[in-house]
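Asks: I would like to see how this sequence folds:
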Amino acid sequence: MKITAVMLGLLFPLFLVSLSTREKQLRIERKALDIGVYDYSKVKKCPCKIYYDREAEDKFLEVLMRREKLLNSNIFGLYVKRENDSLVFERENEAYEYCPKLNYVIESGGHGFVSAYDLETLEEIFVNPSTFVYSPSGNYRFGSFEADGTRYYLEIKEGEKWTSHPFADGAIIEGAYWIDNETMYYLEEKEKPNGFKYWIGYSMRLYFEDNMREVGR
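Replies: Residues are numbered from 1 along each chain as shown. Okay, here's the model as predicted:
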């Protein structure tokens, strides 16, 4: 998965984010919604069964021990030769989230290091598949990943691949849903000086512009 840099631009009262591509420049127009526009009833939760913590490790081990592709990948553990010449499969990490339907696992190591893998391709992934919210066209998806805080990503489909762009760094977001192929609504947490926290609804609209200069100039 390829992760590109985000360039933030501020144009009051709209927030504009530019994400550079080779021929076009993706622009994100973000603005606060009027009261009553955001509709939480349109938020869809992931319908897939997800295992967590000890149950995740137990369920994943069952799959791991019967799938040679996973065992021989050297990603999830190694065969260690004992003094009696017997081979024992040992794991250093432990699964704390596993979803059979979406075919991914998230593990943590002894020092709190977190890694996630697509169990079909064995590629490391950087967005939790259970968090994806797809646009009606299926060309865009929004998701997140929790590891020492939550990071959010907008992904764009390019052929058979997805390009991932970090989004709203440092924000706390929930309740995302698409209202059309280019526009997504979501809630973002805000905090007043006295510590009172509240939510504001935002819209995120995507569009492309001709890239008039080469990236890096």
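
Asks: What is the neighbour count of Arg151?
Replies: The burial count assigned to Arg151 is 18, neighbours taken as other CB atoms under 10 Å. To be clear about C-beta, it is placed using only N, CA and C from the backbone, and glycine gets the same treatment.

Asks: I figured it was touching Ser144, is that so?
Replies: Yes. Here Arg151 reaches Ser144: they are 6.5 Å apart, a contact under CB atoms under 8 Å.

Asks: per-residue confidence for Phe196?
Replies: pLDDT recorded at Phe196 is 97.

Asks: same check, this time on the one 10 residues further on
Replies: Leu206 carries a pLDDT score of 92 in this model.

Asks: got it, and the one 10 residues further on?
Replies: What the model reports as pLDDT for Gly216 is 43.

Asks: again, but for Ser18
Replies: For Ser18, the pLDDT comes out at 54.

Asks: For Val63, which residues are in contact?
Replies: Shown in contact with Val63 (CB atoms under 8 Å, 6 or more residues apart in numbering): Leu70, Pro100, Leu119.

Asks: Skipping its backbone neighbours, what lies nearest the last one in space?
Replies: The spatially closest residue to Leu119, leaving aside those adjacent along the chain, is Asn103, at 4.6 Å (CB to CB, 6 or more residues apart in numbering).

Asks: Repeat that for Ser135.
Replies: Trp178 (4.7 Å).

Asks: how far away is the residue nearest to the spatial centre of the chain from Trp199?
Replies: For the chain, the residue nearest the mean C-alpha position is Val127 (2.4 Å; CA atoms, centre = their mean). The gap separating Val127 from Trp199 is 23 Å, by CB to CB, to the nearest Å.

Asks: ditto for Val133
Replies: According to CB to CB, Val133 stands 17 Å off from Trp199.

Asks: what do you get for Phe167?
Replies: For Phe167, the distance to Trp199 equals 17 Å [CB to CB].

Asks: So for the lengthiest strand in the chain, what gets flagged as buried?
Replies: Under DSSP state E, the strand in the chain containing the largest number of residues is strand 197-210. Of the residues in strand 197-210, Trp199, Gly201, Tyr202, Ser203, Met204, Leu206 count as buried by neighbour count, 16 or more other CB atoms under 10 Å.

Asks: which two in these are spaced the farthest apart?
Replies: For those, with distances taken as CB to CB, the pair at the greatest spread is Trp199 and Leu206 (22.4 Å).

Asks: Output the helix or strand where Glu62 lies in PDB with nothing but the alpha carbons.
Replies: Here Glu62, judged by DSSP states H and E, is contained in helix 53-64. This file holds the C-alpha atoms of helix 53-64, laid out as PDB (Å, rounded to 0.1, in the frame of the first residue of the first chain):
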ATOM      1  CA  ASP A  53      -7.900  -9.900  22.700                       C
ATOM      2  CA  ARG A  54      -7.500 -13.500  24.000                       C
ATOM      3  CA  GLU A  55     -10.300 -14.800  21.800                       C
ATOM      4  CA  ALA A  56      -8.700 -13.200  18.700                       C
ATOM      5  CA  GLU A  57      -5.400 -15.000  19.500                       C
ATOM      6  CA  ASP A  58      -7.100 -18.400  20.000                       C
ATOM      7  CA  LYS A  59      -9.200 -18.100  16.800                       C
ATOM      8  CA  PHE A  60      -6.300 -16.900  14.700                       C
ATOM      9  CA  LEU A  61      -4.000 -19.700  16.000                       C
ATOM     10  CA  GLU A  62      -6.600 -22.300  14.900                       C
ATOM     11  CA  VAL A  63      -6.400 -20.800  11.300                       C
ATOM     12  CA  LEU A  64      -2.600 -20.300  11.500                       C
END
